[in-house]
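In: fold the following, please.
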Amino acid sequence: MKKPILILTALKVERFAVEEYLENKKPISHAKTKTDYTKGIYKSKNGEFDVIVGRTDQTNVNAAIETERAIDHFDPEYAFFVGVAGGLKDVKVGDIVIGQDVYGFERGKAESHNFKPRPKFGTSTYALERLAAKYSESEDWKLKASDLVKKELAPVINTYTGTIASGEKVDASIDSDLHQFLKQNASHALAIEMEGLGFLEVCRMRPLVKTLLLRGISDLVDKKSEMDAKGFQPYASANVAAFLFGLIDQLDLEKDAEERSRSQKLVEIMCKLYPGGLRDNQIWVSAGGDLSLINLSQTGKGQWVEAIRVLKLGGGGSISMDDLISAVVDEYGANKDVKELI
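Out: Below is the predicted model of the structure:
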């Protein structure tokens, strides 16, 4: 039996843009909390399947609460968070950002004349992020994007893969302390929003639920209020919803419903539970691994993809796949997805 796809948004305008793609829509409620959702059917190129759409409201705290509630209740195969964001660098209004990871910028230590950041990170599912990047280069998406584009804004809709800054503050001026802080500490961030960290932090504890953060750029830091007043949020919401369902058309849901290999599950679990890579909580060393065998200059995801490939080929030296799983079980033995590896 195919599991449903869960799609979460923060705003009504984003939710409406997503629901436009569904048929046989009906409202449903959470049995205990009475949280409202929309259940519908999406007819993809690979068949029909159920979609659940919910709204979290703004802030990472609300996004985390509603994500936890929805995943626990509906047990989806995929979970997406889609909506608008403010552009920080490289992007323009209408563009799409595939959230490879998020940089949570709120945490830190405030001293008398200094703030020392202690950022929090979250990551999308590696395979899904790569599929989205591949789809962004396809002729199918280029045709869809050409139909969506508003010539008065830009001649094309570009798609980027990268980091998104996530916190509780709105960056509305290039002269603000927040903007200067982000330039100093997260200069690689393409966009800024308020829910992605909460969503991905919850999904970290359900690593076998494939997750992806997608954002449409609705404004830039300068003239944010003016852009919002011109209705750019509906435009950006429509763009990112179109990209989402084009991406869903690429999924082979029947194949995905089959049992994934142990190594595939392990990659997904390690990328989520230890997003910083092999040195997170010293998990690789604790399992008996040698850090010199893996290229640690790449991202945490890249490290785990390479490491599991090395283990699968029997080149891990004194560490095996079972050793690594045992070390993870010591830390997360009660985790539902970790139990599937045992």
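
In: now do the contacts for D57.
Out: D57 makes contacts with A10, E66, as judged by Cβ atoms under 8 Å, 6 or more residues apart in numbering. (C-beta placed from N, C-alpha, C; glycine too.)

In: can you pull the poorly scored residue ranges out of the stretch 1-150 of the chain?
Out: Scanning the stretch 1-150 of the chain for pLDDT under 70 picks out 1.

In: mind listing the helices for it?
Out: Assigned helices in the stretch 1-150 of the chain, in chain order: 12-19, 60-74, 126-135, 139-148 (criterion: DSSP state H, counting those that start in this stretch).

In: which of those sits closest to G108?
Out: Counting by Cβ to Cβ, G108 lies closest to helix 60-74 out of the helices of the stretch 1-150 of the chain; the figure is 15.2 Å.

In: ok, residues contacting the closest one?
Out: By Cβ under 8 Å, 6+ apart, the surrounding residues in contact with helix 60-74 are 4, 6, 8, 10, 30-31, 33, 35, 37, 52, 54-57, 76, 79, 81, 104, 166-168, 194-199, 201-203, 206, 209.

In: the residue nearest to N24 when sequence neighbours are not counted - how many residues pack around it?
Out: Closest residue to N24 in three dimensions, ignoring its sequence neighbours and counting by Cβ to Cβ, 6 or more residues apart in numbering: I41, at 4.9 Å. Residue crowding around I41 was assessed by other Cβ atoms under 10 Å; the count is 13.

In: OK, contacts around I41?
Out: Here I41 is in contact with L22, E23, N24, E48, F49, D50, V51 (criterion: Cβ under 8 Å, 6+ apart).

In: now do the buried residues in the helix or strand harbouring E331.
Out: With elements taken from DSSP states H and E, the one containing E331 is helix 321-332. Neighbour-count burial for helix 321-332 flags M321, D323, L324, I325, S326, A327, V328, Y332 (criterion: 16 or more other Cβ atoms under 10 Å).

In: what is the neighbour count of E340?
Out: By the criterion of other Cβ under 10 Å, E340 has 14 neighbours.

In: what of G104?
Out: The number of residues packed around G104, counting by other Cβ under 10 Å, is 22.

In: which residue, neighbours along the chain excluded, lies closest to it?
Out: The shortest distance from G104 to any non-neighbouring residue, by Cβ to Cβ, 6+ apart, is to K120 (3.4 Å).

In: around the one you found, count how many other residues there are.
Out: Here the number of neighbours of K120 (other Cβ under 10 Å) works out to 18.

In: N335 too?
Out: The burial count for N335: 18, using other Cβ under 10 Å.

In: how is the protein carved up into domains?
Out: For the chain, automatic domain parsing gives the domain ranges 5-256, 259-339.

In: pick the most buried one from those domains.
Out: Greatest average neighbour count among the domains of the chain goes to domain 5-256 (a mean of 19), per mean count of other Cβ atoms under 10 Å.

In: gap between that domain and the chain center?
Out: Taking Cα atoms, centre = their mean, to the nearest Å, the mean C-alpha location of domain 5-256 is offset from the chain mean by 7 Å.
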